[in-house]
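Q: Sequence isn't available, so here's the structure alone:
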């Protein structure tokens, strides 16, 4: 079955994390993504370690299903080439600092005037307008200013960043979603549009109930740690071999938990008999529960709780995640053949469809596909040879 974005030609002018994550998603779903990288060193993430046989693992993690065209962005001929390619594309994605694309002659006003069907996606730190519209934006700054850090961590730890660049990744996901919606409209009307996403907006869009508590009630949520803000017990408990997450969301689940832990005396105790009481006396309750949970292992407790209809699961380290039999059975890791590394394992796209959305092509080497891409865009052999000789483009040998 053909992939949903088959036939969509995307020009990827992005670097770092948010933009490349967006275009990787487009590539997963069938778009022909050309990653245009500046000469001589390419995407700055190529230089970020740790390294796998000379290739940066950060770059490897978010650049599958793309081809690389290396171009001298600083030369007039290089910018003219980018302009020409964009006129023949369906989608252009950029995450330059606001104003830079326009200075290069690659703004959406110019490109969409010449190519009305073009979908032009821009990802920035703070958006294209407002008091901070010209500020540079990076993930941790966005995590802080979105409020996300203020509700992550504990009173003792203070604000904590999420362990992955979640602002970058979610901005990439929101952008990919907007582009896909624009593709649907483009196919109906023949007209493209601008799609704007920002790191701070992406994270504010994930605040959920914590944001709504303030908007509806004026409540300013603090750090919630590993406990659910309105349900108890719901969060981490301590077992013999590590932490376990449990979700006791109903009164019936509470009674079952007390029976499983041989703590029947707690079920109707006035300090713990209902959710409001348990929230009020959470510290004391968790001391009692942890004492009981330390009597067995994560997985044995998880199996017993799940058998009783109570959601539970161990807290894994990375090595445990990628050796878990369920992760293997679900195909959450896929292997591709990389040009220099050879067999390379990658985290797969988690969406499952009748048409595949998995990794077919490994992350490319810098300029690995320059000649191939330019040929497909209609440049003659003579034109391509001239660009190579003048060092406007670079082909990896």
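A: Cool, the structure landed. Keep in mind that this is a model prediction, so the values were computed, not measured. Numbering: from 1, shown residues only.
Q: Run through the helices of the stretch 201-350 of the chain in chain order.
A: Assigned by DSSP state H, counting those that start in this stretch, the helices in the stretch 201-350 of the chain fall at 208-217, 251-260, 264-267, 275-280, 282-293, 298-307, 318-321, 325-329.
Q: The last one: how far from the chain's middle?
A: Meaning helix 325-329. 21 Å (Cα atoms, centre = their mean, to the nearest Å).
Q: can you check the third one too?
A: From the chain centre to the centre of helix 264-267 is a distance of 43 Å (Cα atoms, centre = their mean).
Q: One more: the longest one?
A: With Cα atoms, centre = their mean as the basis, helix 282-293 stands 35 Å off its chain's centre.
Q: Likewise for the first one?
A: Relative to the mean C-alpha coordinate of its chain, helix 208-217 is positioned 24 Å out (Cα atoms, centre = their mean).
Q: Buried residues of it, list them for me.
A: 210, 211, 213 (16 or more other Cβ atoms under 10 Å). Every C-beta, even on glycine, is put in place using the N, C-alpha and C of the backbone.
Q: Residue 253: neighbouring residues, count only.
A: Residues lying near residue 253 (other Cβ atoms under 10 Å) number 19.
Q: Just list the residues touching it, thanks.
A: 247, 309, 310 (Cβ atoms under 8 Å, 6 or more residues apart in numbering).
Q: Among those, which one has the most neighbours?
A: In the contacts of residue 253, the most neighbours by other Cβ under 10 Å go to residue 310, 21 neighbours.
Q: looking at this structure, which helix or strand is least sure?
A: Lowest mean confidence among the helices and strands of the chain (mean pLDDT, DSSP states H and E): helix 100-103, at a mean of 92.
Q: which helices and strands sit right next to that one?
A: Helices and strands touching helix 100-103, by 3 or more Cβ pairs under 8 Å, 6 or more residues apart in numbering; DSSP states H and E, are helix 108-114.
Q: what's the helix it packs on in contact with?
A: Contacts of helix 108-114 (Cβ under 8 Å, 6+ apart): 83, 86, 87, 92, 101, 102, 118, 120, 122, 192, 194.
Q: looking at this, residue 195 is in a strand?
A: Yes. Counting by DSSP: H, G, I helix; E, B strand; the rest coil, residue 195 is part of a strand.
Q: That one is in contact with residue 179, isn't it?
A: Yes. Counting by Cβ atoms under 8 Å, residue 179 is a contact partner of residue 195 at 5.6 Å.
Q: More neighbours: which of the two?
A: Per other Cβ under 10 Å, whichever of residue 195 and residue 179 has more neighbours is residue 179, with 27 against 23.
Q: Check the spacing between the more buried one and residue 29 real quick.
A: Distance, residue 179 to residue 29, by Cβ to Cβ, to the nearest Å: 10 Å.
Q: Check residue 345 too.
A: Residue 345 is 21 Å from residue 29, by Cβ to Cβ.
Q: The two: which has the busier surroundings?
A: Shown here are residue 345 and residue 29; by other Cβ under 10 Å, residue 29 has more neighbours (21 against 14).
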